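Undergrad: quick one: sequence plus predicted model below, questions after.
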Amino acid sequence: MKIAMLQMDVAEGDKERNIRHAFSMMEEAAHGADVLVLPELWTIGYNFHDFENRVTRVNDGLLDRLSSFASFHHITLEAGTLPMEKDGAVKNMGILFGPDGRIQAHYSKRHLFYGYLEAELMVPGSHLMNTDIGGVRTGMAVCYEFYFPKMWRKMAKAGTTLVLAPASWPKAHLPQWDVLTRARAIENGMCICAVNMVGTYHGVQLGGHSRFIDPVGHVEVEGDLNEHIYYAQYDEVKYKNLGKQLAVIRLEKEIGG
């Protein structure tokens, strides 16, 4: 299974430009991949100015366009995350469209970042994502959630072997990005596809360095600070059930820890 990681240069607050730009990158990537993954909050660039007018709503047409794109190209599209409003509340939501264009699964970020306005303007999710992509048990986490190992262990115990992780991670914290992304892969025996943005928001330079990490912590693909589409290969046979086989997870189950 070939995965395209769209490390996108996002213009902060310019929703229409970002949508046009994302679809242009998606068109390029769709011809060479089975799965496309976008970064976190790519429509607004982690900029919460005029937030009420820039959230995504069911009837504003964007979800229909994403659905049509996935169906037309017959690919799986993990549309990063969107500031998604439903029933008067906004969540930082990742939506997974299947090759038939239907919403196959979704995940709302459970651990919202308190260093900026995200936690003030959005409502946290409450459930993990667990779905199959081409027979691969797949989960999702978002950016700051690399700091919360318990949720990753729960996914591993449920048989997840691939986690898609959209992010808006700053350049200044790339040392933490390096350690935490590899640690979550190693300790859970899973592959991680972490897709970050480049550009700036609120005066902060984003870190890029999107990466695909194998279950022993080897970074098989890694980006730099420039916009680019990176491609990674998930080996369905090699990585099957690795989380269930990992000795530390088996021991936890045996002793209840």
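TA: Now that the structure is in, tell me what you want to look at. Since we're looking at a predicted model, the values are computed, not measured. Numbering: from 1, shown residues only.

Undergrad: now do the same contact list for Glu220.
TA: Residues near Glu220 by CB atoms under 8 Å, 6 or more residues apart in numbering: 212-214, 232-233. For every residue, glycine as well, the C-beta is placed using N, CA and C.

Undergrad: likewise for Arg211?
TA: The contact partners of Arg211, by CB under 8 Å, 6+ apart, come to 181, 192, 194, 219, 221-223.

Undergrad: what's stretch 23-32 in contact with?
TA: Contacts with stretch 23-32, where a contact means CB under 8 Å, 6+ apart, come from 2, 4, 6, 8, 36, 38, 65, 69, 73, 75, 77, 229, 231.

Undergrad: so how far is stretch 110-124 off the chain centroid?
TA: For stretch 110-124, the gap between its own C-alpha mean and the chain's C-alpha mean amounts to 17 Å (CA atoms, centre = their mean, to the nearest Å).

Undergrad: can you measure across it, start residue to end residue?
TA: In terms of CA to CA, to the nearest Å, the two terminal residues of stretch 110-124 are separated by 5 Å.

Undergrad: buried residues, that stretch. List them.
TA: Neighbour counts over stretch 110-124 (16 or more other CB atoms under 10 Å) mark 110-113, 116-118, 122-123 as buried.

Undergrad: just stretch 144-159 next, same as before
TA: By neighbour count with 16+ other CB under 10 Å, stretch 144-159 contains the buried residues 144-146, 151-153, 155-156.

Undergrad: what is Lys2 paired to in the beta sheet?
TA: When bridges are called by DSSP bridges, Lys2 pairs up with Gln233.

Undergrad: could you pull up the residues touching it?
TA: Contacts of Lys2 (CB under 8 Å, 6+ apart): 32-35, 231-234.

Undergrad: can you turn the buried part of those residues into a PyMOL selection?
TA: Selection of the buried residues among these in PyMOL, burial being defined by 16+ other CB under 10 Å:
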select buried, resi 33+34+35+232+234
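
Undergrad: can you name the two of the contacts of Lys2 that are farthest apart?
TA: Between all members of the contacts of Lys2, the longest pairwise span (CB to CB) is found for Gly32 and Tyr234 and amounts to 14.4 Å.

Undergrad: still on that earlier bit, secondary structure, distance to Val90 and pLDDT added to the buried residues of stretch 144-159, as a markdown table?
TA: What follows is the buried residues of stretch 144-159, written out as a markdown table (DSSP: H, G, I helix; E, B strand; the rest coil; distance: CB to CB, whole Å; pLDDT from 0 to 100):
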| residue | secondary structure | distance to Val90 | pLDDT |
| --- | --- | --- | --- |
| Tyr144 | helix | 17 | 97 |
| Glu145 | helix | 18 | 98 |
| Phe146 | helix | 22 | 98 |
| Met151 | helix | 21 | 97 |
| Trp152 | helix | 25 | 97 |
| Arg153 | helix | 28 | 94 |
| Met155 | helix | 25 | 96 |
| Ala156 | helix | 30 | 92 |
